[in-house]
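J.: Sequence plus predicted model, see below.
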2 protein chains.
Amino acid sequence: MKSSNVVWHSATVTRARREEQNAHRGVILWFTGLSGAGKSTLAHAVEEELHQLGCHTFVLDGDNVRHGLCADLGFSADDRTENIRRVGEAAKLFIEAGVIVLTAFISPFRSDRTRVRSLVPHGDFLEIYCRCPIEVCEERDVKGLYKRARAGEVKEFTGISSPYEEPETPELTVDTDRLNLAQSVDAVVAMLQERGIIGAIAN
Amino acid sequence: MKSSNVVWHSATVTRARREEQNAHRGVILWFTGLSGAGKSTLAHAVEEELHQLGCHTFVLDGDNVRHGLCADLGFSADDRTENIRRVGEAAKLFIEAGVIVLTAFISPFRSDRTRVRSLVPHGDFLEIYCRCPIEVCEERDVKGLYKRARAGEVKEFTGISSPYEEPETPELTVDTDRLNLAQSVDAVVAMLQERGIIGAIAN
């Protein structure tokens, strides 16, 4: 923490007022899992459902932050950690803005996810484990990355040459090899309703 | 740009749909000017007004990003440039989210501001120059920084030991030593109406 000489300005438009305006709470839905487990697909499908319910949403994923906010970072262990840190900080800004922010990153390291969780108040970070056997992910191989990893062309590939540390107590586990997309979306939305995140919505 | 292997996922919830939901456009209001010129005060006052008009807003300023997204950065020339780059990228995400994002940074270098402007489509970056003679800023010295800078305790202080490059063609100039806060807010809101950013609001 290098910053000194900076203090929080009192803003009159608070998170609470934005949440009242939106008629739902801000929250981080943190999707984690192997490449090919369906994180991004599920996040976007949940977003579609939430938008139709009148919610204010945004998806952060490797595809929109890797070309922008984190364009200076590579895929070394340090850079991956910094990538997740920045995503966590950006997500924190979005929940301050009253938005339901959905993040879709492999985020294989428990310590990185725990660090993001610790940034925000209890209950504002909901970890959703997209669980899928690596054999199934590799079979799908949507981006052709497993093939390249097996050929040694991609270093430190999660699940092959780098570990994936499963969540110990995620708020939700979605078995994406057993549930179809609609069922998976329903599970996430049901959790949001049970937790009162979107309970107040009058659609 | 180190990132490869990443492609944009097609998301069904687009900026256009969010803007329709919000009944206003997303835009960056980039406040620039000397320390003490009133950037943060004006940004928060504009936000209050816009929120009351039903708009979805968020303020990024040194105080909420320096402790988070940019907590690893100091105040060297390189770090300041990287700070503004990240703020620009974060602001770009917010306009994608359909939000009116107000940024309040000294952002003294024209090249840094131009770089942010180039990140987004034409018309989505509105530069607002909070113009105020340095003598007036120094007289105010809200944070006591000018006194410390004159004493040599703060290095590379904009306006004293580091240049401030005035905007050449800002979308709006607000003379904060001549206008009061309400008048300044009115000038910004009028610009947003003239440009159709908030024209569609039925309050």
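T.: All right, it came through fine.
J.: A:Gly199: how many residues sit nearby?
T.: Here the number of neighbours of A:Gly199 (other C-beta atoms under 10 Å in any protein chain shown) works out to 12. Any C-beta I mention is one placed from the backbone N, CA and C, and that applies to glycine too.
J.: what helix or strand is the residue nearest to it when sequence neighbours are not counted on?
T.: The shortest distance from A:Gly199 to any residue other than its chain neighbours is 5.9 Å, reached at A:Gln193 (C-beta to C-beta, 6 or more residues apart in numbering or on different chains). Using DSSP states H and E, A:Gln193 falls within helix A:181-194.
J.: And for A:Val101?
T.: Per DSSP H and E: strand A:100-104 holds A:Val101.
J.: so what does that strand touch, helix or strand wise?
T.: strand A:27-32, helix A:39-52, strand A:57-61, helix A:77-96 (3 or more C-beta pairs under 8 Å, 6 or more residues apart in numbering or on different chains; DSSP states H and E).
J.: Just want the angle from that strand to helix A:39-52.
T.: With axes from the mean of the first three to the mean of the last three C-alpha atoms, to 10 degrees as the basis, strand A:100-104 and helix A:39-52 are set at 160 degrees to each other.
J.: Pull the distance from strand A:100-104 to the chain's centre.
T.: 5 Å (C-alpha atoms, centre = their mean, to the nearest Å).
J.: Ok, stretch A:83-90 next?
T.: Its chain's C-alpha centre and that of stretch A:83-90 lie 10 Å apart, by C-alpha atoms, centre = their mean.
J.: ok, it near chain B or not?
T.: Yes. Contact of stretch A:83-90 with chain B (C-beta under 8 Å from any C-beta of the partner chain) involves A:Arg86, A:Glu89, A:Ala90.
J.: Export the residues you listed as CSV, with columns for neighbour count.
T.: Below are these laid out as CSV (neighbours: other C-beta atoms under 10 Å in any protein chain shown):
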residue, neighbour count
A:Arg86, 22
A:Glu89, 21
A:Ala90, 24
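J.: Among those residues, which one lies nearest to chain B?
T.: Distance to chain B, by C-beta to the nearest C-beta, is smallest for A:Glu89 among these, at 4.1 Å.
J.: list the contacts for the closest one?
T.: By C-beta atoms under 8 Å, 6 or more residues apart in numbering or on different chains, A:Glu89 lies in contact with A:Leu119, B:Gly68, B:Leu69, B:Ala71.
J.: For A:Glu82, see how far away it is.
T.: A:Glu89 is 10 Å from A:Glu82, where distance means C-beta to C-beta, to the nearest Å.
J.: helices or strands next to the helix holding A:Gln193 in the packing?
T.: Applying 3+ C-beta pairs under 8 Å, 6+ apart, we find helix A:181-194 packed against helix A:39-52, strand A:172-175.
J.: Highest mean neighbour count out of those?
T.: Greatest average neighbour count among the helices and strands packed on helix A:181-194 goes to helix A:39-52 (a mean of 21), per mean count of other C-beta atoms under 10 Å in any protein chain shown.
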